[in-house]
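# attaching a predicted model along with its sequence, questions to come.
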Protein chains: 2
Amino acid sequence: MAESKTDLIAQDIASKIKHGQFKSHEFLPSENQLTTLYGTSRETIRKALDQLNSLGLIQKIKGKGSLVLNLEKYSFPISGITSFSELNKSLGMKAQTKLLKLEKCDDLPQIFKDNFPEQDKQAGFYLRRLRLINGEPEVLDCDYLFNPPIDTLPREAAEHSIYEYFEKKLNLDISYATKTITVEKINHELQDILQLSNSTAVLVASRNFLNDTSLFQLTLSFHNPKKFRFVDFARRRKIKL
Amino acid sequence: MAESKTDLIAQDIASKIKHGQFKSHEFLPSENQLTTLYGTSRETIRKALDQLNSLGLIQKIKGKGSLVLNLEKYSFPISGITSFSELNKSLGMKAQTKLLKLEKCDDLPQIFKDNFPEQDKQAGFYLRRLRLINGEPEVLDCDYLFNPPIDTLPREAAEHSIYEYFEKKLNLDISYATKTITVEKINHELQDILQLSNSTAVLVASRNFLNDTSLFQLTLSFHNPKKFRFVDFARRRKIKL
DNA sequence: AAGTGGTCTAGACCACCGT
DNA sequence: CGGTGGTCTAGACCACTTG
């Protein structure tokens, strides 16, 4: 799992932006300078900058340089596959996770069948975790983890970070996800758990895949609509589908 | 505005996937084969494949090949900066646009000040367009276009596609956007326009920027919550912020 | 004219997968 | 083992910006 030179450079520049060594509205050192700074070829530098570019950390301007953007002001993008505990860490939130359910199943619970109708019967684990911020319920995460590849799920991992457990202990290669955001009616049980006065919630449903394209996780996240906020950064794409 | 070889290859492969010449769950020709097919170097092929990879059209698997994914089933990602008329075209929707307002302003209307509090006074155009699908109101788009760089906005462009007008007539280099999705209370006027029974709507607010990082457009899209659906494809990223 | 990013190349070595 | 994708290189030419 060694990191590539490109990734290390991207991480290094990203952290220097974060810590103010490279400031917003200023240019990064030129690609030529970066090659000597990091002792690599220019293409390697460019691949690292491409990562920062697509994340929205910099804007490359031909003939001038790579400008550092400031997205902090309006809070930065949350998209991508990022687990709650990772978010918690990088945002410095005072969040808390309450494990409500962790049980082995031979088949998907009804709530997953309703939301993922194409999914066949499969063994796995049903997980329910309530996320609290400042002591108030914010999100209810319902997960279904498929039995192959996941055959054990310690309570401790569920309470801490299942992604860390998957990647570091089980060596799963988590690769991509498809998500949909909708507004849904919810039943009294969920309404109680989230302490909502009305019966609608924002639902983020996602299918999570490994590098070999196998599905390993379904997630239903029910958000308090008053607190829900999804932030995204998008570049205009050249490919028309 | 000539397209690069990389982009042309990416477009070509994308269209072959779309039209079934490369089928889901099958592998693309290997990178070496593609070099001879397109008569380019391997790095150029790889850059083209990277585009398809980040769009979620293919999944690269080391030692095996590039697998074509099928996202069509659950409908494919809508994210990115894509105008309504572009979406309309590529999805084949039976949509209709009703121009409700187009006026010159010396300052931002209150609704934009409320949602973009950091924005200073600036001249521009206020645009309101209602999007109908099957004759029913689906989205109300409110746009504010800044006067530099936009100094005229023909009624015809507003009714057709402002992005096409910006890119082809004004030669603006539309580059990126930051978006937030929230659930908001709306007033009676908007409620009437969208024909909503309750007073909440999904609000997609975005700031749209040119390549030189100047802001040229603010957009507030109010969606009927019962019909709102946001689809996204995300890859797990290596960079931790 | 000099410096910048944008594109492309031909080659190299590696890690992984299958037979 | 041969084929695949993953990484990296050193160099080239171009288009754009600024002085």
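Right, received. Where do you want to start? Numbering: from 1, shown residues only, chains lettered A, B, ... in the order given.

# please make it C-alpha for all contacts and neighbour counts, starting now.
Fine.

# now the helices for chain A?
Ranges of helices in chain A, per DSSP state H, are A:5-18, A:31-38, A:42-55, A:84-91, A:110-115, A:155-159, A:162-164, A:188-194.

# can you say which of those is nearest to DNA strand D?
helix A:5-18 (3.1 Å; Cα to the nearest atom of the strand).

# by contact count, what packs against the closest one?
helix A:42-55 (3 or more Cα pairs under 8 Å, 6 or more residues apart in numbering or on different chains; DSSP states H and E).

# what packs against the helix it packs on?
The criterion is 3+ Cα pairs under 8 Å, 6+ apart, and the helices and strands that helix A:42-55 contacts are helix A:5-18, helix A:31-38, strand A:58-61, strand A:230-235.

# try 7 Å
Judged by 3 or more Cα pairs under 7 Å, 6 or more residues apart in numbering or on different chains; DSSP states H and E, helix A:42-55 is in contact with helix A:5-18, helix A:31-38.

# nearest to residue B:108, out of those helices?
helix A:5-18 (32.2 Å; Cα to Cα).

# okay, the helix or strand bottoming out on mean pLDDT in chain A in CSV with CA atoms only?
Ranking every helix and strand in chain A by mean pLDDT, DSSP states H and E puts helix A:84-91 at the bottom, with a mean of 72. Taking C-alpha atoms only, helix A:84-91 is exported to CSV below (Å, rounded to 0.1, in the frame of the first residue of the first chain):
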residue,chain,number,x,y,z
PHE,A,84,-18.5,10.2,9.3
SER,A,85,-15.6,9.6,11.6
GLU,A,86,-13.2,10.9,8.9
LEU,A,87,-15.3,14.0,8.5
ASN,A,88,-15.5,14.4,12.2
LYS,A,89,-11.8,14.4,12.5
SER,A,90,-11.0,16.7,9.6
LEU,A,91,-13.7,19.2,10.5
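
# can you give me the separation between the residue lying closest to residue A:30 once chain neighbours are set aside and residue A:71?
Counting by Cα to Cα, 6 or more residues apart in numbering or on different chains, residue A:65 is the residue found nearest to residue A:30 once chain neighbours are left out, at 6.2 Å. Per Cα to Cα, to the nearest Å, residue A:65 is found 19 Å from residue A:71.

# could you measure from the residue lying farthest from the centre of chain A over to residue B:29?
Taking Cα atoms, centre = their mean, the residue of chain A most remote from its mean C-alpha position is residue A:63, at 34.4 Å. Here residue A:63 is placed at a distance of 37 Å from residue B:29 (Cα to Cα).

# and for residue A:45?
To residue B:29, residue A:45 is 29 Å away according to Cα to Cα.

# neighbours of residue A:33, how many?
When neighbours are counted by other Cα atoms under 10 Å in any protein chain shown, residue A:33 registers 13.

# go on, residue A:89?
By other Cα under 10 Å, 12 other residues sit near residue A:89.

# before we move on, what about residue A:208?
For residue A:208, the count of nearby residues is 23 (other Cα under 10 Å).

# and stretch A:216-224, which residues are buried?
Buried residues in stretch A:216-224, counted by 16 or more other Cα atoms under 10 Å in any protein chain shown: A:216-224.

# restricted to strands, list the residues you listed.
A:216-223 (DSSP state E).

# out of those residues, who's near DNA strand D?
Among those, no residue sits close to DNA strand D (Cα under 7 Å from any atom of the strand).

# DNA strand D contacts on chain A?
So chain A meets DNA strand D at A:4-7, A:39-44, A:62-64 (Cα under 7 Å from any atom of the strand).

# want to throw these into CSV with distance to residue B:145?
Putting the residues of chain A next to DNA strand D into CSV (distance: Cα to Cα, whole Å) gives the following:
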residue, distance to residue B:145
A:4, 43
A:5, 42
A:6, 39
A:7, 38
A:39, 45
A:40, 43
A:41, 42
A:42, 38
A:43, 37
A:44, 38
A:62, 25
A:63, 27
A:64, 26
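
# which of these are buried?
Buried among the residues of chain A next to DNA strand D by 16+ other Cα under 10 Å: A:6-7, A:42, A:44.

# tell me the two of these that are most distant?
Farthest pair in these, by Cα to Cα: A:7 and A:42, 14.2 Å.

# neighbours around residue A:152, how many?
12.

# okay, it and residue A:122: tell me how far apart.
Using Cα to Cα, one obtains 15 Å as the distance from residue A:152 to residue A:122.

# also residue A:209?
According to Cα to Cα, residue A:209 stands 15 Å off from residue A:122.

# residues in chain A within reach of chain B, list them.
A:11, A:61, A:80-81, A:90, A:174-183, A:212, A:225-226, A:228-236, A:239, A:241 (Cα under 7 Å from any Cα of the partner chain).

# quick check: mean pLDDT of stretch A:129-142?
Mean pLDDT, computed over stretch A:129-142, is 92.

# now do the end-to-end distance for that stretch.
End-to-end distance of stretch A:129-142 (Cα to Cα): 7 Å.

# just give me how far it sits from the chain centre.
17 Å (Cα atoms, centre = their mean, to the nearest Å).

# mind listing what's buried in that stretch?
Quick answer for stretch A:129-142 (16+ other Cα under 10 Å): A:129-132, A:137-142.

# so which of these also contact DNA strand C?
Okay, of these, nothing touches DNA strand C (Cα under 7 Å from any atom of the strand).

# dump those into CSV; add distance to residue A:103 as well.
Formatted as CSV, these follow (distance: Cα to Cα, whole Å):
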residue, distance to residue A:103
A:129, 12
A:130, 16
A:131, 19
A:132, 22
A:137, 22
A:138, 23
A:139, 20
A:140, 16
A:141, 15
A:142, 12
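
# domain ranges for chain A?
Domain assignment for chain A, taken from automatic domain parsing, gives A:5-72, A:84-223.

# quick one, which of those domains is nearest to residue B:103?
Closest to residue B:103 of the domains of chain A is domain A:5-72 (Cα to Cα; 30.3 Å).

# give me every residue that touches the closest residue to residue A:44 other than its chain neighbours.
Of all residues not flanking residue A:44 in the chain, residue A:6 sits nearest, at 5.8 Å (Cα to Cα, 6+ apart). Residues near residue A:6 by Cα atoms under 7 Å, 6 or more residues apart in numbering or on different chains: A:44-45, A:47-48.

# please pick the buried ones from those residues.
Among the contacts of residue A:6, those scoring as buried are A:44-45, A:47-48 (criterion: 16+ other Cα under 10 Å).

# mind listing what residue A:33 touches?
Residues near residue A:33 by Cα under 7 Å, 6+ apart: none.

# what does residue A:134 give?
Residue A:134 neighbours (Cα under 7 Å, 6+ apart): A:94-95.

# could you check how far it is from residue A:153?
Applying Cα to Cα to residue A:134 and residue A:153 gives a distance of 28 Å.

# again, but for residue A:222
For residue A:222, the distance to residue A:153 - Cα to Cα - is 23 Å.

# surely residue A:42 touches residue A:35?
Yes: using Cα atoms under 7 Å, residue A:42 is in contact with residue A:35, at 5.7 Å.

# find the nearest non-adjacent residue to residue A:137, please.
Of all residues not flanking residue A:137 in the chain, residue A:194 sits nearest, at 5.4 Å (Cα to Cα, 6+ apart).

# quick check: residues of chain A near DNA strand C?
Residues of chain A lying near DNA strand C (Cα under 7 Å from any atom of the strand): A:28-33, A:43, A:46, A:60-66.

# spatially, which two of the residues you listed are the most separated?
It's A:43 and A:64 that sit farthest apart of these, by Cα to Cα, at 17.9 Å.
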